[in-house]
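> Requesting a structural model of the entry that follows:
(chains A and B)
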Amino acid sequence: MVEVTQEQIAADLEGIFHETMGDWEYSGEITPDTRLFADLGLESIDVVALGGAIEEHYRRNFPFAQWLIQMRDQQVDDIRVKDVIQFLHDNLKNPSVGESQ
Amino acid sequence: MTNRVVLIGLDGGTFATLDALMDEGVMPFLQAFLASGVRGELLSVIPPLTPPGWASLVTGRTPGHHGVMDFFRFESPHNSYLRLVDSRDVKCETIWSIISRQGLKATILNFPQMIPPRPMAGNAVPGWAPWRHLRRLCFPPDLFDKIKTVPGFNVQELAMDLQLEGRAIEGSSKDEYEDWIQFHIRREQQWFQILHYLMQEDPCDLTAVLFDGVDKLQHLLWRFIDPAYLPAHPSAWEQRIRELCLAYFRHLDGLIAETVAMAGSEASVFVASDHGFGPSTEVFYVNAWLHRHGYLAWAVDAPEDATEAGRLGLGMIRRAPVMVDWSRTTTYGLTPSSNGVHMAVAGRRGPHGIDPTEYERVRSRLIEQLYQLTDPVTGGRVVTQVWTREEAFPGPQVHMAPDLTLSLRDGGFVSILKSDVILRPRPEVVGTHRPQGVFMAKGPGIRQGLSLPPLSIIDVAPTLLYTLGLPIPKDVEGRVAAQILDPGALQRSPIVVGEPTQIPEAYPQRPGHKEDKEGETQVLERLKNLGYVE
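Modelled structure (predicted):
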């Protein structure tokens, strides 16, 4: 299996964001430090939908629900793009979740 | 092409409400429609809930086969975290896909489990889509730019607003009722405008639209809709809310009338709901009951029910797994909507839980105890029916189901919150789901003025396929509702049984999708071979 680099994941995420952002009220640049809630103005359901878009892109499932709850329990008040990149990078090394169900 | 068959979905539609509204003259078109068509109750599935109900209606299959049993599902076989169900979880082929393979086209608006979009011939604007993502979630990919041109288009009103959706479940401030009803009137109008545009610009063999404000209003405002709960001497404010509820249904009646008029006299029109509705008067705290009987241990910081009405926000539902101390829990309710009880079996989702060899014994004992639960005041039984997963969800997806599914005496949903009481009267009556939905049909070859015995929700898909002149796949569990047809119709157009359905791919490629440019030619070729595109 070819490892997907963090740079590639960042590029993939940018593509996913830009696929829909024409209708958002956000026109700034997306960087690793961009915050999903405070900067992009997303709501929790948008993050769920973003997870779906990411899964569709990579054609596999990720444990987003577990990760998001763990982030909240760690008192993380916002999610940065680099957090998403790191999460995806960690998980792309491992088998997909949920496929045997 | 003409709009040959139209399916109008009324989420939570029930004759308990609609008959009274027709009698009062609020829905005159629907009354006339039924006078020249057929009607009958449409029996939903277990549980009578939006995702499994619509999944069954559009596949002709039961939840044990299509795998949709709740709004949520386990994210992984290895943990107890939840995610929303989506199109990937529908394990059976939908009628949209079946007719596309047969060279027909469909327009589908506002149906659940349409995300991520699946390839089909026609147009799909999904329900339950956050507005920021709607562009990406429409099919075909350029559809969003087309519907943006519809006069008055407002994506934030059209698409899902989580705060508003949540209010149907969590409750809402009384100050907000008026705005909330007005919002749903505008929202139905938004969907109708898109329906109108697509029926004019791109007529399809099958056109389906779902109006879901019926469910939302009935949940929150049942006491203003059901005449049985109207106060004898309503206040001015109560009268105002009642009038607004009637205005919603009057508006809906008008939208149905315009839709039927657009379809024309040669079209067949079906109206159906995913489940019915009725009042709920009390809250059963299932996890508090399990705790009291030694099956469940709360996490140290599990919050008490602060609302005293069993209300639980959507965000909290996803946090339900962290409310429980898993090392000391063997049985738990995970979501209120499923009315399900899950058993922790060692090795199933981790090391904790009962020994697998003890499963049957523990489950049987649990069923006995649930039936023994009585109201301390009246002595009445609270849990009126308990189904095992094998009884409620027979089929290849049975392993996705709760171990037990409950039906309560007031037809309500359980609360999974922590509480110091097991049973609590609701401060005010709310609406909750019932199995008895609605079925109505009118068109060429359909009988007139007939009231039928109850139909099954899984009969709708094969009936639509028959009306479109298509064979019924032999693995569809439902049957053509031949009782709605004129005598002789079956002789003229016999039911034909055809090839089985095709199992949907978890991640189908979509032609025109941005990340798919390189493989687009190959994908198009494959879709052509499957009959999805011409």
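> Get me the contact residues on chain B for chain A.
Applying CB under 8 Å from any CB of the partner chain, we find that chain B lies next to chain A at B:73-79, B:81-84, B:86, B:115-116, B:129-137, B:155, B:160, B:162, B:315, B:318-319, B:321-322, B:399-400, B:506-507, B:514-515. Placement of C-beta: from N, CA and C, glycine included.
> Helices of chain A, residue ranges please.
A:6-20, A:44-58, A:64-73, A:81-92 (DSSP state H).
> The ones you listed: lowest mean pLDDT?
If you rank these by mean pLDDT, helix A:64-73 sits at the bottom with a mean of 86.
> hmm, who's touching it?
With contact meaning CB atoms under 8 Å, 6 or more residues apart in numbering or on different chains, helix A:64-73 is reached by A:47-48, A:51, A:79, A:83, A:87, B:75-76, B:79, B:81-83, B:318-319, B:321-322.
> Redo the helices of chain A as CSV? Include distance to B:Ala461.
Putting the helices of chain A into CSV (distance: least, CB to CB, whole Å) gives the following:
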stretch, distance to B:Ala461
helix A:6-20, 32
helix A:44-58, 25
helix A:64-73, 31
helix A:81-92, 37
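> Out of the ones you listed, indicate the one that is most buried.
Of these, the one with the most neighbours on average (mean count of other CB atoms under 10 Å in any protein chain shown) is helix A:44-58, at a mean of 21.
> Alpha carbons of it, in PDB - could you do that?
Presented in PDB, the C-alpha positions along helix A:44-58 are these (Å, rounded to 0.1, in the frame of the first residue of the first chain):
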ATOM      1  CA  SER A  44     -21.300  20.400  14.000                       C
ATOM      2  CA  ILE A  45     -23.500  18.900  11.300                       C
ATOM      3  CA  ASP A  46     -21.200  20.400   8.700                       C
ATOM      4  CA  VAL A  47     -18.300  18.600  10.300                       C
ATOM      5  CA  VAL A  48     -20.300  15.300  10.000                       C
ATOM      6  CA  ALA A  49     -21.000  16.100   6.300                       C
ATOM      7  CA  LEU A  50     -17.300  16.900   5.800                       C
ATOM      8  CA  GLY A  51     -16.500  13.500   7.300                       C
ATOM      9  CA  GLY A  52     -18.800  12.000   4.700                       C
ATOM     10  CA  ALA A  53     -17.100  13.900   1.900                       C
ATOM     11  CA  ILE A  54     -13.700  12.700   3.100                       C
ATOM     12  CA  GLU A  55     -14.900   9.100   3.300                       C
ATOM     13  CA  GLU A  56     -16.300   9.400  -0.200                       C
ATOM     14  CA  HIS A  57     -13.000  10.800  -1.400                       C
ATOM     15  CA  TYR A  58     -10.900   8.000   0.100                       C
END
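> now the angle from it to helix A:6-20?
Angle, helix A:44-58 to helix A:6-20, by axes from the mean of the first three to the mean of the last three CA atoms, to 10 degrees: 120 degrees.
> and helix A:44-58, what other elements does it pack with?
Contacts defined by 3 or more CB pairs under 8 Å, 6 or more residues apart in numbering or on different chains; DSSP states H and E place helix A:44-58 against helix A:6-20, helix A:64-73, helix A:81-92, strand B:82-84.
> would TSV of the ones you listed with distance to B:Pro427 be doable?
Shown next, in TSV, are the helices and strands packed on helix A:44-58 (distance: least, CB to CB, whole Å):
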stretch	distance to B:Pro427
helix A:6-20	41
helix A:64-73	30
helix A:81-92	41
strand B:82-84	28
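> so who does the residue nearest to the spatial centre of chain A touch?
The centroid of chain A falls nearest to A:Val84 when counting by CA atoms, centre = their mean (4.3 Å). A:Val84 sits next to A:13, A:36, A:54 when contact means CB under 8 Å, 6+ apart.
> so how far is A:Arg35 from it?
Applying CB to CB, to the nearest Å, the value for A:Val84 to A:Arg35 is 11 Å.
> List the contacts of B:Leu490.
B:Ala482.
> for the host helix or strand of B:Tyr466, packing partners?
Of the helices and strands defined by DSSP states H and E, B:Tyr466 is found in helix B:460-467. If you count contacts as 3+ CB pairs under 8 Å, 6+ apart, helix B:460-467 packs onto strand B:5-10, helix B:50-59, helix B:95-101, strand B:268-272, strand B:472-473.
> Centre of the chain to that helix, how far?
Relative to the centre of its chain, helix B:460-467 is centred 19 Å away, using CA atoms, centre = their mean, to the nearest Å.
> got it, and stretch B:49-60?
Relative to its chain's centre, stretch B:49-60 lies at 6 Å (CA atoms, centre = their mean).
> I'd like the average pLDDT over that stretch.
98.
> quick revisit: show only the entries of the residues of chain B next to chain A found in strands.
B:73-74, B:82-84 (DSSP state E).
> Looking at these, which two lie furthest apart in space?
Using CB to CB, those span at most 11.8 Å, a distance reached by B:Phe74 and B:Leu84.
> wouldn't B:Pro47 be in contact with B:Phe71 here?
No. Between B:Pro47 and B:Phe71 there is no contact under CB atoms under 8 Å: 10.6 Å.
> ok, the two, which is more surrounded?
The neighbour comparison of B:Pro47 against B:Phe71 (other CB atoms under 10 Å in any protein chain shown) goes to B:Pro47, with 25 against 22.
> Can you tell me which of the contacts of helix A:64-73 is closest to B:Glu499?
Sorting those by distance to B:Glu499 puts B:Arg83 at the head of the list, at 33.1 Å, by CB to CB.
> How about the residues of chain A by chain B?
Chain A has residues A:12, A:15, A:19-20, A:22-24, A:42-46, A:48-53, A:55-57, A:59-61, A:63-66, A:68-69, A:72-73, A:97-101 near chain B, with proximity defined as CB under 8 Å from any CB.
> what residues are shared contacts of B:Pro47 and B:Phe71?
Shared contacts of B:Pro47 and B:Phe71, counting by CB under 8 Å, 6+ apart, come down to B:Ser337.
> Break chain B down into its structural domains.
What automatic domain parsing lists as the domains of chain B is B:5-275+B:435-498, B:282-427.
> Let me know which of the ones you listed is tucked in deepest.
domain B:5-275+B:435-498 (a mean of 20).
> one step back: out of the contacts of A:Val84, which comes closest to B:Tyr295?
Using CB to CB, the contacts of A:Val84 come closest to B:Tyr295 at A:Ile54, 36.9 Å.
> so that closest one sits right up against A:Ile16, yeah?
Yes. Using CB under 8 Å, A:Ile54 is in contact with A:Ile16, at 6.5 Å.
> quick one: the strands in the stretch 351-500 of chain B?
Assigned strands in the stretch 351-500 of chain B, in chain order: B:383-388, B:404-408, B:423-434, B:436-442, B:450-451, B:455-456, B:472-473, B:497-498 (criterion: DSSP state E, counting those that start in this stretch).
> List the strands paired with the fifth one, with their directions.
Right, strand B:450-451. Applying DSSP bridges, strand B:450-451 is found paired with strand B:38-43 (parallel).
> ok, and what's touching the partner strand?
B:15, B:272-273, B:276, B:435-442, B:446-457, B:460, B:484.
> I'd like the helices and strands packed on helix B:460-467 written out as CSV, with distance to B:Leu464 added.
Formatted as CSV, the helices and strands packed on helix B:460-467 follow (distance: least, CB to CB, whole Å):
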stretch, distance to B:Leu464
strand B:5-10, 6
helix B:50-59, 9
helix B:95-101, 6
strand B:268-272, 7
strand B:472-473, 10
